[in-house]
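[1] Coordinates for the following, if possible.
(one chain, ligands or ions: 1)
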Amino acid sequence: MDVYKAILSRRSIRRFQQKPIKLELLKKFVNAARLAPSAANLQPLEYFVINDKELCPKVFETLGWAAYIKPTWAPSKEERPTAYIIPLVRDTSNKWYPRDVSLASENIVLAAEEEDIGSCIMCKVDRDKLKEILKVPNEMIVDSVIALGYKAEKSIVEDFKGSIKYWRDENEVLHVPKRKLEDIIHINKF
Ligand SMILES: Cc1cc2nc3c(=O)[nH]c(=O)nc-3n(C[C@H](O)[C@H](O)[C@H](O)COP(=O)(O)O)c2cc1C
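    Purely as a prediction, here's the structure:
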């Protein structure tokens, strides 16, 4: 799969098959993150990989899902992520670290997409609870969580028509409105 194809086909996925992801693949995704651009090449990030059957449900409890879907929704036990990659920040005095995390995260989700593995970058995280569960050293920050698993839902992009809120249709297909190219591009003049 070429990169642009992966960019086009990647969507946030929040329902997963319970087939495990091989550790080799999870390591490959972290390697993709490791090689991402980093401000001044400072590389302040480390990654917690979780695929343990006992630990996954504990991580799950710290996450908030799909805020636009009402009533409040979370994946059922049979459709939860089977792995997580958690970007950790060691040096928070580096003010650019959120950009580093973003770029590394995109590398992770695109590398996952190439393997047909669904992902969801998540910032609605009870970080204190998660830090405690994972025994992350005090001086480090848990930035976000990337949920991973083989896809068990369909999500499609549609043109923005007045609302940016994603929604599910009667077949449980997720529709994600995106602003149109002609509405966001300025070529040579505004
Ligand atoms: C920084 C960031 C934080 C996000 N946090 C959450 C989250 O806490 N829970 C969730 O279900 N989705 C979360 N998402 C996923 C977004 O809702 C999703 O990217 C957006 O709806 C667009 O859909 P798409 O990823 O399929 O293009 C987050 C995405 C980003 C980039």
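[2] which residues in this structure form helices?
    3-9, 23-34, 55-60, 97-114, 127-134, 181-184 (DSSP state H).
[3] Could I get the average pLDDT for the last one?
    So the one you mean is helix 181-184. Predicted confidence along helix 181-184 averages 97 (mean pLDDT).
[4] So what sits opposite the residue nearest to the spatial centre of the chain in the bridge?
    Centrality entry for the chain: nearest residue to the mean C-alpha point is I121, 1.9 Å, by CA atoms, centre = their mean. Beta bridges link I121 to I146, judged by DSSP bridges.
[5] which residues does it contact?
    For I121, the contact set (CB atoms under 8 Å, 6 or more residues apart in numbering) comprises 12, 105, 109, 144, 146. For the C-beta atoms, the positions are set from N, CA and C on the backbone; glycine is no exception.
[6] that older thread, which of the helices of the chain sits most buried?
    helix 97-114 (a mean of 20; mean count of other CB atoms under 10 Å).
[7] contacting residues around that helix?
    By CB under 8 Å, 6+ apart, helix 97-114 touches 1, 3, 6-7, 9-10, 25, 28-30, 32-39, 42-45, 85, 87, 89, 91, 94, 118-119, 121, 143-144, 146, 148.
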